[in-house]
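Engineer: Next comes the sequence, and after it the predicted model I'd like to discuss.
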Amino acid sequence: MIAMSLCNSAVIHAGQAGDSGERIPVEETRTFRKQYTIYFKINKWDIDTALYGNGRTIRRMYREIDSLISEGIITTDSISIVSAASPDGGTDFNKWLSGKRGKAAQSLLQARYQDISSEIFYIDPVGEDWGTFRKVAMEDPDIPDREKLLELIDSNASPEEKERRLRQMKPTFRYILKHHIYLMRSSAVTFNISVPAISLGYLPGLPAPELGIATGDIMRRAVPQAVPAPPVDRKMIFAARTNLLVPALNVGVEVPIGYNWSVGADYYFPWWLAKNNMYCMEMLGWFLDTKYWFGKDRGEEDKLSGHALGAYAGFGYYDYQWERSGNQGEYIDIGVDYTYSLPVAKGKLRMEFNIGLGWIHTVARHYTPTDDYSELIKDPGIRHRKYNFVGPTRASVSLVVPIRVKVRPKGGER
């Protein structure tokens, strides 16, 4: 959100009769407020005139301000810009992003009114707009768990903790994302215009004046703030994972592509012998997979979390032996899978649950070990057996470790 104050330093001397009959000058001004709302896309701070009627709003703003300037009544004393972002991302980044949106509003005005000095601009990036969030919650009775949401907004918890709890209120969070989140990615441009009282008749279309607000009061509220430097953000470049159902005998990586897609690879290497080679369970496997992660307005912290559908393919080699009988062979495995992943350890780790349905094809070769189990003898009396299986072919409960690097963010609420 961006709030902008346009103040006037012009004062007119209205006549008032004294004892001698002469006119005694009296200073008198009136303050007007006009508001214009400009919206932003997620991941953006540039002003898109095609978004939510921004073009119409900006044209109306220019037209009405030009009308006041043409009367020669006002001069610009200060322009304060209070900017904000929606409360669904990192606090430091949102502070930086809101500053960029404030600068975008300043650039918009200076492009139109080139004689405005940069020295009269006061930019106050407030970061996350919990105030607008509360107003939205108060005005919409259909928000799920609205009372609980208001308690959360009014609590003394940190912005990060508020967001974490909000995301746990899944129906409420989905409703906010669908109906209201764009309202908090906005620029509410408010002009506070002080004009001489005698000139009110020359200002058609202005609202009724508000009394008792002098230019000095507005200036005292317009405290200049430096736009913060871009925060050092941490971007996930890939994640390492291991299937706890096959502990310490597999490793995998997954690379996010944007916020909704990922590709991954896994290597399985269970290699187990017991009782002097009497029992054997050996398997090598290489797998590739791709997933689509559901959800709109996903950000950096949402990568590789939530619900996903995907496809996988793999191949490998196995050797299974039980006492005097064993089988060796190669296999291929192709299927589709469902994944649910949730953050743990304050988002530093993920727990991932996966199940897949697919088709396995293998050719098994039977063998018999020698009496001392030192060699394996292929059984010439049994032909190679081909097997095909369709059904559950994949299951995992994986620990996922996101690997992040420090970057300077380029945009986004996250």
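Structural biologist: Good, I have the coordinates. Everything numeric here is computed off the predicted structure, so don't read it as measured data. Numbers count the residues shown, from 1 in each chain.

Engineer: okay, now the domains of this protein?
Structural biologist: With domains defined by automatic domain parsing, the chain comprises 3-221, 233-407.

Engineer: and these, which one is worst for confidence?
Structural biologist: Sorting the domains of the chain by mean pLDDT places domain 3-221 lowest, at a mean of 70.

Engineer: any idea how far residue 97 is from the residue nearest in space to the middle of the chain?
Structural biologist: The chain has residue 299 as the residue nearest its centroid, 3.4 Å off, counting by C-alpha atoms, centre = their mean. Per C-beta to C-beta, to the nearest Å, residue 299 is found 12 Å from residue 97. No exception for glycine: its C-beta is placed from N, CA and C like everyone else's.

Engineer: Equivalent analysis for residue 298, please.
Structural biologist: The gap separating residue 298 from residue 97 is 16 Å, by C-beta to C-beta.

Engineer: mind listing what's buried in stretch 241-248?
Structural biologist: For stretch 241-248, a neighbour-count test (16 or more other C-beta atoms under 10 Å) marks 241-243, 246 as buried.

Engineer: Also stretch 162-171?
Structural biologist: 162-163, 165-166, 169.

Engineer: In helices, which of those residues fall?
Structural biologist: Counting by DSSP state H, the buried residues of stretch 162-171 place 162-163, 165-166 in helices.

Engineer: and whichever strand or helix holds residue 262, which residues are buried?
Structural biologist: Residue 262 belongs to strand 261-268 when assigned by DSSP states H and E. Neighbour-count burial for strand 261-268 flags 262, 264, 266, 268 (criterion: 16+ other C-beta under 10 Å).

Engineer: So which residues make contact with the helix or strand that comes right after it?
Structural biologist: Counting by DSSP H and E, the next helix or strand C-terminal to strand 261-268 is strand 271-274. Contacts to strand 271-274, defined as C-beta atoms under 8 Å, 6 or more residues apart in numbering, come from residues 249, 279-283.

Engineer: Which two of those residues have the greatest separation?
Structural biologist: Spatial extent of the contacts of strand 271-274 (C-beta to C-beta) is set by the pair 249 and 279 at 16.3 Å.

Engineer: about what we covered before: can you pick out the residue with more neighbours from residue 298 and residue 97?
Structural biologist: The neighbour comparison of residue 298 against residue 97 (other C-beta atoms under 10 Å) goes to residue 97, with 32 against 18.

Engineer: Tell me how many other residues surround the residue nearest to the more buried one when sequence neighbours are not counted.
Structural biologist: Sequence neighbours aside, residue 85 is the residue nearest to residue 97 in space, at 4.8 Å (criterion: C-beta to C-beta, 6 or more residues apart in numbering). The number of residues packed near residue 85 is 31, by other C-beta under 10 Å.

Engineer: Also residue 402?
Structural biologist: 23.

Engineer: Surely it forms part of a strand?
Structural biologist: Yes: counting by DSSP: H, G, I helix; E, B strand; the rest coil, residue 402 is part of a strand.

Engineer: re the thing from before, and the ones in helices among the buried residues of stretch 162-171, which is closest to residue 42?
Structural biologist: residue 163 (15.0 Å).

Engineer: So that closest one sits against residue 86, correct?
Structural biologist: No: contact criterion C-beta atoms under 8 Å: residue 163 and residue 86 do not qualify, at 10.2 Å.
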